[in-house]
Each structure stands twice: as structure tokens, then as C-alpha cells.
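S.K.: sequence-free structure coming up:
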Ligand SMILES: NC(=O)C1=CN([C@@H]2O[C@H](COP(=O)(O)OP(=O)(O)OC[C@H]3O[C@@H](n4cnc5c(N)ncnc54)[C@H](O)[C@@H]3O)[C@@H](O)[C@H]2O)C=CC1
Ligand SMILES: Nc1nc(=O)c2c([nH]1)NC[C@@H]1CN(c3ccc(C(=O)N[C@@H](CCC(=O)O)C(=O)O)cc3)CN21
């Protein structure tokens with residue numbers, strides 16, 4: 001589950017209902033600085049979860065800033081896993097244009113970080129061709145492994161589970177065997193989901209939205225990932241490797257946790 005600094009009170013409220021040691025991602029939002037994200041990481045640790053701060057390459061001003069952030073995250077919040085991502089700014093703020101340039105500093109393993117997540121893009125990517133995408137993903141994973149850390153992949157959210165299944169097949173066919181967390185939008189109002197899709201550059205045509213359960217004629221309604229998770233669970237085979245979910249709680253933390261509880265209760269046979 002992804003929880004930003006300002007959502008820590010909401011996480012605290014539902015904490016007893018989440019499995020202990022769940023990984024909680026702390027995204028790098030434009031409005032939240034390093035101090036706020038460090039405080040969030042400490043709070044996540046104190047609640048008994050595993051904090052995974054995101055580092056957005058294009059938002060980091062200097063190597064010194066990166067070193068200080070990772071060192072403090074490790075020392076103050078016991079952080080052992082981070083997620084590296086390029087980030088949306090069209091011009092990098094400092095010396096890091098992409099995720100690989102962060103990995104390549106050596107800062108993470110030197111600070112005792114054990115696992116690094118990178119982004120996957122089942123539906124395509126705003127700036128890279130298909131071939132570049134695979135090459136970049138392989139290079140990032142190799143870089144992480146070469147530095148003695150464990151790579152994992154967290155995908156950008158999509159609305160169509162078939163797109164994810166096809167992408168997973170291509171990923172495994174290329175020999176990339178690392179665990180994947182599939183980004184899934186938690187339940188939210190249809191207009192909210194459409195707004196996040198637009199903000200995050202996620203293509204959401206009517207037929208994909210329909211597969212998620214969103215009908216264009218019902219913009220005032222809400223939609224949850226029931227059909228998406230059903231379809232994904234039905235389509236997954238051992239050949240798809242280790243796959244779990246990463247919730248983007250666009251409709252609120254409590255709503256996503258409530259959805260997970262309800263889904264578990266009604267579809268026990270599909271959960272692992
Ligand atoms: N997968 C996910 O969960 C998330 C994805 N994103 C977005 O996905 C995009 C790609 O991130 P990564 O896969 O980490 O790429 P990356 O760091 O592996 O970079 C791959 C290539 O794309 C170029 N690039 C990346 N972002 C760019 C941008 N905003 N403007 C111009 N060129 C850019 C880089 O310079 C590099 O050549 C980012 O813009 C990021 O904001 C953001 C948050 C979460
Ligand atoms: N391209 C891209 N950039 C991202 O930053 C990003 C993704 N994709 N995909 C997955 C997550 C989702 N993320 C986001 C992006 C923006 C907000 C954000 O601005 N939230 C505002 C409310 C905006 C609104 O409701 O219109 C906030 O105050 O929380 C939150 C999470 C971060 N991640």
C-alpha cells in the first residue's frame with residue numbers, strides 16, 4: 001500500500017487491520033519534502049510496518065542530498081528497502097536524470113539498504129520505446145543485483161488485467177525472474193480515478209475502464225478493483241512467477257483496507 005506523509009493519520013487509524021510487517025511505500029510527491037517523508041518513514045516503522053521510501057531521481061538536487069536522506073532513513077526508521085523512479089519533472093533538479101543514475105551512486109548498499117524496487121510499465125511509457133523499456137528495466141535490475149541488493153518491480157497502475165498478464169509473460173520470457181508487485185488503483189470515485197490516470201499519464205480508454213468496471217455513463221459512481229483482481233488471479237500461472245499487489249489508495253486508505261477485507265472474505269479461494 002502506498003501512503004504519503006499527509007496520510008499517516010489515516011494509516012494509523014487502520015493499522016490494526018493490516019498484516020504486521022506489510023510494506024508501506026512512501027511516494028515522493030511534489031508537495032512533500034525530505035523531512036516530511038523521513039517523519040512518515042519513522043511513523044510507518046513505529047506502527048510495525050516496513051517503510052519503503054520512494055526516491056525520485058529528477059527531484060534530487062545533489063549527491064549529498066541523496067546520501068543524507070538514505071542515511072537518515074536507515075538510521076532513524078530502520079529502512080532496508082527503497083524504491084527508485086525517474087519522476088515527472090521534465091528537467092532534473094540535480095545530477096540524476098533517471099533511476100539507474102541513483103542506483104549507480106553506490107549510496108544504497110553503503111547505507112545498508114538490502115532491497116531496491118524499480119518501476120515497471122505494463123501499459124507503455126511516456127518517453128521510452130518498447131525495446132528501450134526492456135533494456136532499461138534489465139539494466140536497473142542487473143545494477144541492483146551487482147551491488148548485492150535484491151531487485152523487485154512495482155508496476156505503474158493500469159485498469160486492464162489482461163495488459164498486465166501479457167506484460168508479465170514478456171518479462172518472464174526475457175528471463176527477468178524478480179518478484180513483481182502489480183500496481184492497482186484502490187476503490188475510488190470514477191471521476192477521481194480518471195483524474196489520477198490523467199495526472200500520472202496512464203492511458204485509460206473506454207474499453208479498458210469498462211474492464212475495471214467503470215462505465216463512462218456513470219461518472220458519479222465509485223469503482224473498485226474486484227474485476228481487475230478476479231481477472232488477474234484467474235489468469236496467473238506458476239509461469240508468471242512471484243506476483244503480488246501494490247495498492248494506490250486513490251479513494252482513501254480506509255476505503256482500500258475495507259475493500260481488501262471484503263474481497264478476502266468473499267473470494268477466499270482466490271487469495272494467497
Ligand atoms: N511505475 C510506477 O509505479 C511509477 C511511475 N512513474 C513515472 O514513470 C516514469 C518513468 O520512470 P522510470 O521507469 O523510473 O524511468 P527510468 O528512471 O528508468 O528512466 C528511463 C528513461 O526515461 C527517461 N525519463 C524518465 N522520466 C522522464 C521524464 N519525466 N521526462 C523525460 N524523460 C524521462 C529517463 O531519462 C531515461 O532515459 C517517470 O516519469 C515516473 O514519474 C511515477 C511513479 C510511479
Ligand atoms: N507519472 C506518475 N507520477 C507519480 O508521481 C506517480 C505515478 N505516475 N503513478 C503512481 C503513483 C501515484 N502517485 C500520486 C500522484 C499524485 C498524487 C497527488 O497529487 N495527490 C494530491 C491530490 C490530487 C488530486 O486529488 O487531484 C494530494 O494532495 O494527495 C498522489 C499520488 C505517485 N505516483
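M.R.: Great, that's in hand. Fair warning: this is a prediction, and the values are worked out from it, not measured in the lab. Ligands and ions are numbered 1, 2, ... in the order given.
S.K.: quick one, grab the pLDDT at residue 212.
M.R.: In this model, residue 212 is scored at 86, pLDDT.
S.K.: not counting its neighbours along the chain, what's nearest it?
M.R.: Among residues not flanking residue 212 along the chain, residue 159 sits closest, at 4.0 Å (C-beta to C-beta, 6 or more residues apart in numbering). Where C-beta positions appear, they are placed from N, C-alpha and C, glycine not excepted.
S.K.: my read: that neighbour touches residue 206, true?
M.R.: No. At 10.5 Å, residue 159 does not count as touching residue 206 under the criterion of C-beta atoms under 8 Å.
S.K.: wait, what's in contact with the residue nearest to residue 212?
M.R.: 185, 197, 202, 204, 208-209, 211-212, 214, 228 (C-beta atoms under 8 Å, 6 or more residues apart in numbering).
S.K.: which one among those gets closest to residue 96?
M.R.: The shortest separation between residue 96 and any of the contacts of residue 159 is 23.7 Å, and it belongs to residue 202 (by C-beta to C-beta).
S.K.: hang on, the closest one packs against residue 163?
M.R.: No. If you go by C-beta under 8 Å, residue 202 and residue 163 don't touch, sitting 10.8 Å apart.
S.K.: take the contacts of residue 159 and keep only those in strands.
M.R.: Secondary structure assignment (DSSP state E) places residue 185 from those within strands.
S.K.: returning to what we had before: shared neighbours of residue 202 and residue 163, anything?
M.R.: What both residue 202 and residue 163 touch, as defined by C-beta under 8 Å, 6+ apart, is the set residue 123.
S.K.: neighbour-wise, which of the two wins?
M.R.: In terms of neighbours (other C-beta atoms under 10 Å), residue 202 is the more surrounded of residue 202 and residue 163; the figures are 21 against 17.
S.K.: so what's that one up against?
M.R.: If you count contacts by C-beta under 8 Å, 6+ apart, then residue 202 has 123, 156-159, 196 around it.
S.K.: near ligand 2, from the residues you listed?
M.R.: When these are checked against ligand 2 using C-beta under 6 Å from any ligand atom, the ones in range are 156-157.
S.K.: would you turn the contacts of residue 202 into CSV with secondary structure and pLDDT?
M.R.: As requested, these are exported to CSV (DSSP: H, G, I helix; E, B strand; the rest coil; pLDDT from 0 to 100):
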residue, secondary structure, pLDDT
123, coil, 88
156, coil, 96
157, coil, 95
158, coil, 92
159, coil, 93
196, helix, 93
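S.K.: gap between the two ends of stretch 105-115?
M.R.: 15 Å (C-alpha to C-alpha, to the nearest Å).
S.K.: revised request: answer the last question for stretch 109-128.
M.R.: First-to-last distance for stretch 109-128 - C-alpha to C-alpha - comes to 28 Å.
S.K.: that one and ligand 1, are they touching?
M.R.: Yes. Legend: contact between stretch 109-128 and ligand 1 by C-beta under 6 Å from any ligand atom is shown at 119, 127-128.
S.K.: of these, which one scores lowest on pLDDT?
M.R.: Minimum pLDDT for these is recorded at residue 127 (79).
S.K.: tally up the residues packed near it, please.
M.R.: In terms of burial, residue 127 registers 9 neighbours under the definition other C-beta under 10 Å.
S.K.: that one is in what secondary structure piece?
M.R.: In the assignment (DSSP states H and E), residue 127 maps to no helix and no strand.
S.K.: low-confidence ranges in the stretch 101-250 of the chain?
M.R.: Regions of the stretch 101-250 of the chain meeting the criterion pLDDT under 70 are absent.
S.K.: tell me which parts of it are close to ligand 2?
M.R.: Those residues of the stretch 101-250 of the chain that sit near ligand 2, judged by C-beta under 6 Å from any ligand atom, are 156-157, 195, 199-201, 248.
S.K.: and residue 52, which of the three is it?
M.R.: Using DSSP: H, G, I helix; E, B strand; the rest coil as the criterion, the local structure at residue 52 reads strand.
S.K.: quickly list what it is bridged to.
M.R.: residue 25 (DSSP bridges).
S.K.: thanks a lot, see you next time.
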